[in-house]
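# The sequence and its predicted three-dimensional model are supplied below.
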Amino acid sequence: MLKIGEHVFQSRLLLGTGKFDDLEVQSQAIEASGTEVLTFAVRRLNLEERNKKHFLDMVDLDRYTLLPNTAGASTAEEAVRIAELARASGLCDMIKVEVIGDGITLLPDPIETYKACEMLLHKGFTVLPYISDDVILAKRLQLLGVHAVMPGASPIGSGKGIMNPYNLEVIIEQAVVPVIVDAGLRSPSDAARAMEMGADAVLLNTAVSGSGYPVDMAKAMRLGVEAGRLAYEAGMIPVKRYAAASSPAEGMIHT
Ligand SMILES: CC(=O)[C@@H](O)[C@H](O)COP(=O)(O)O
């Protein structure tokens with residue numbers, strides 16, 4: 001069970017909706033992923049013109065929790081404005097805080113992200129900041145009161161997988177709120193690895209929407225997340241320096 005603020009989910013895979021070419025494929029991929037949480041950029045919704053067709057039109061909104069994100073914001077003030085627009089439009093009170101600091105790496109701006117979280121918490125939002133794999137920032141945000149932290153595995157859309165496992169491990173070890181590994185994942189083994197490390201969930205988009213067969217990849221990601229979580233809960237053997245025979249030597253006939 002994944003608990004973020006007051007929200008409870010069975011699935012530990014959160015899916016981004018920003019990059020699908022085909023809305024029918026998107027809805028089949030969402031189904032195959034088993035996700036319960038869909039994230040999307042508020043700016044893409046065209047909230048003033050609700051009668052225009054948009055990317056969530058083919059999604060049964062009663063079955064999913066929407067996680068609006070503040071993509072497009074480069075300052076804390078912009079992020080807060082976008083979050084307030086989302087809430088005023090009847091979208092979920094959860095907000096993924098995404099304040100990008102640089103158009104090339106798309107890495108989040110830690111200072112503006114922190115400021116945005118502070119303001120949004122005061123306004124009563126359930127706050128999920130997207131951050132780099134920065135151990136100290138993750139800690140400071142949790143002291144501030146955020147409801148989850150979302151460290152990137154690697155830059156958005158890069159498919160580089162987990163670039164700094166040490167940092168992610170430390171963030172996870174020290175966390176007092178759910179850790180959702182977000183961005184840069186490419187394969188089900190990346191997702192499984194994040195879960196084996198003890199992440200509470202993963203969020204991905206490009207790995208599914210940009211794959212050859214998004215519906216199959218969505219299912220593969222679901223299985224990767226489930227396998228990784230199961231392995232984490234089962235407890236993996238410690239890594240040893242030397243071999244340890246798999247068959248007991250006792251009772252063997254020596255010739
Ligand atoms: C949908 C969303 O919020 C993305 O920006 C998210 O960070 C996923 O990144 P990938 O596309 O690398 O999976």
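That came through fine.
# hey, let's count contacts and neighbours off CA atoms from now on
OK.
# my guess is residue 111 is in a helix, correct?
Yes: assigned with DSSP: H, G, I helix; E, B strand; the rest coil, residue 111 falls within a helix.
# interface residues of the stretch 101-250 of the chain facing the ligand?
Proximity of the stretch 101-250 of the chain to the ligand, by CA under 6 Å from any ligand atom, involves residues 156, 157, 158, 182, 183, 184, 185, 204, 205, 206, 207.
# Can you select the buried ones from those in PyMOL?
Entered in PyMOL, the line below selects the buried ones among these, by 16 or more other CA atoms under 10 Å:
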select buried, resi 156+157+182+183+184+185+204+205+206+207
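# residues contacting residue 109?
Residue 109 sits next to 74, 99, 100, 101, 102, 131 when contact means CA atoms under 8 Å, 6 or more residues apart in numbering.
# my guess is residue 227 contacts residue 193, does it?
No: judged on CA atoms under 8 Å, residue 227 makes no contact with residue 193 at a distance of 9.4 Å.
# Tell me where this protein has strands.
Counting by DSSP state E, one finds strands in the chain at the ranges 2-4, 7-9, 13-16, 37-41, 65-69, 94-97, 126-131, 150-151, 180-182, 201-204.
# Neighbour count: residue 227 and residue 193, which is higher?
residue 193 (22 against 19; other CA atoms under 10 Å).
# Mind pulling up the pLDDT for the more buried one?
If you check residue 193, the pLDDT there is 98.
# again, but for residue 18
Residue 18 is assigned 77 on the pLDDT scale.
# Return stretch 140-152 as CSV; C-alpha atoms alone will do.
Written as CSV, here are the backbone C-alpha positions of stretch 140-152 (Å, rounded to 0.1, in the frame of the first residue of the first chain):
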residue,chain,number,x,y,z
ARG,A,140,15.2,19.8,4.1
LEU,A,141,11.9,19.4,2.2
GLN,A,142,10.8,16.6,4.5
LEU,A,143,11.5,18.9,7.5
LEU,A,144,9.4,21.5,5.8
GLY,A,145,6.5,19.0,5.7
VAL,A,146,6.2,17.7,2.1
HIS,A,147,4.1,14.6,1.6
ALA,A,148,6.5,12.7,-0.7
VAL,A,149,9.8,13.4,-2.4
MET,A,150,10.4,12.6,-6.1
PRO,A,151,14.1,12.3,-6.8
GLY,A,152,15.1,11.9,-10.4
